[in-house]
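Student: My questions are about this predicted structure, shown below with the sequence.
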Amino acid sequence: MFKPFIRCSIALLFAAASLSSHAADPKPPMPVQEITTYQGADREERLLEGAKKEGEVTVYHAYPQLSNVTAAFTKKYGIKVKNWRSGSEAILQRVVSEARGKKFDVDIIHNNAPESEALHREGLIQPVKSPHLKDIMPAAIPAHGDWVGIAMDVYSAAYNTNSVKKEDLPKSYKDLLDPKWKGKLAVEAEDQGWFNTLVGLMGEQQGLKLFSDIVATNGISMRKGHSLLAQLVASGEVPLALSAYSWTPDLMKEKGAPIQGFLIDPVVAQFSSISMAKRAPHPYAAALFYDFMLTEGEKILADLKFVPTSKVVPSPIPAGTNIKYVDPVQALDNNEKWIKTFQNTMKSGK
């Protein structure tokens, strides 16, 4: 007569044990789309919990200095970062090639905005709805949201302080027509984005004529690599460079090099960006790194003289500077034309 009672008691005990067991279980894994869009107050906690299970995150990046950010990320969270650093074009080619070969190793991709835009068109990256996007300047966030600008590569002139007097510096590009600059000018060899944006701001025909006249009068050499260009300025081989990255002269100057950067209007910049791979093998760690990049990562880059896109991190660029941006869509669509225009103009005096 006690069997129904016993059966009921046993059922209740199993139910209670099951509830107790589930209550002690960690939160179940979220689908990837939910990971990238989750906005709960416990976002960092949940991402970290998942990231610790994944154990690592793989980052492909173009900035050598981004390793400072990845090291800080590992120090804070204990998540290993596998870095691979190369040039912008090599990174783009590797991501596309690996995807076509069904090899999905990368989680986070850092690259120039046009290359990130190319990955968007290939369908290889995805939006991350980080709550920290609210602190990023709107111009750094494309409408599709597949990538976000984390810094501005501001194109700056730079001069050797032993070879050029401050009072002799050009105040405009027209000043470069002065014969005193003959044989002293250089640009980076692949800065077609800077050049075509610049002449567009001047009025394309007027801008092209001005630079053609400068080349015909004084010549402009082309040097491959922004780091090399800055080093040549510091050595005195190139007294005045026209398209250095603003942060490079500042870092070299701190180490005692005779180099100084300055801006010539109109000032042009290109966004440097990050994105999360659509097939990221470590989505929790990737989303956690994305958030870290938009917060503490911005501060780390600013301390290294980079120009942050964060509205809450001080910029090394003087307040009130009117910066115009290279349009990544135009840069991608007009790449061959822009390269040809740039190279032909720089060689027009030969």
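Tutor: Done, it's in.

Student: Counting neighbours, what do you get for residue 166?
Tutor: Residue 166 has 9 neighbouring residues, counting by other Cβ atoms under 10 Å. (Each C-beta comes from the backbone N, C-alpha and C, glycine too.)

Student: neighbours around residue 341, how many?
Tutor: So residue 341, with other Cβ under 10 Å, has 17 neighbours.

Student: That one against residue 197, yeah?
Tutor: No. Residue 341 lies out of contact with residue 197 (Cβ atoms under 8 Å); the separation is 11.6 Å.

Student: Let me know the pLDDT of the spatially closest residue to residue 61 that is not a sequence neighbour.
Tutor: Once flanking residues are discounted, residue 61 sits nearest to residue 110: 3.7 Å by Cβ to Cβ, 6 or more residues apart in numbering. Model confidence at residue 110, given as pLDDT, is 98.

Student: Tell me if I'm right that residue 110 and residue 273 touch.
Tutor: Yes. Residue 110 is within contact range of residue 273, at 7.1 Å (criterion: Cβ under 8 Å).

Student: Let me know whether residue 116 touches residue 332 as I believe.
Tutor: No. Between residue 116 and residue 332 there is no contact under Cβ under 8 Å: 9.9 Å.

Student: Same drill for those two, tell me which one is more crowded.
Tutor: Just comparing residue 116 and residue 332: by other Cβ under 10 Å the higher neighbour count belongs to residue 116, 29 against 18.

Student: what sits against that one?
Tutor: Residues near residue 116 by Cβ atoms under 8 Å, 6 or more residues apart in numbering: 109, 125, 146, 147, 273, 274, 275, 328.

Student: In stretch 316-330, which residues are buried?
Tutor: By 16 or more other Cβ atoms under 10 Å, the buried positions in stretch 316-330 come out as 316, 317, 323, 325, 326, 327, 328, 330.

Student: got it, and stretch 82-101?
Tutor: 85, 88, 91, 92, 94, 95, 98, 99.

Student: ok, so of these, who is nearest residue 231?
Tutor: For the buried residues of stretch 82-101, the residue nearest residue 231 by Cβ to Cβ is residue 85; the value is 18.5 Å.
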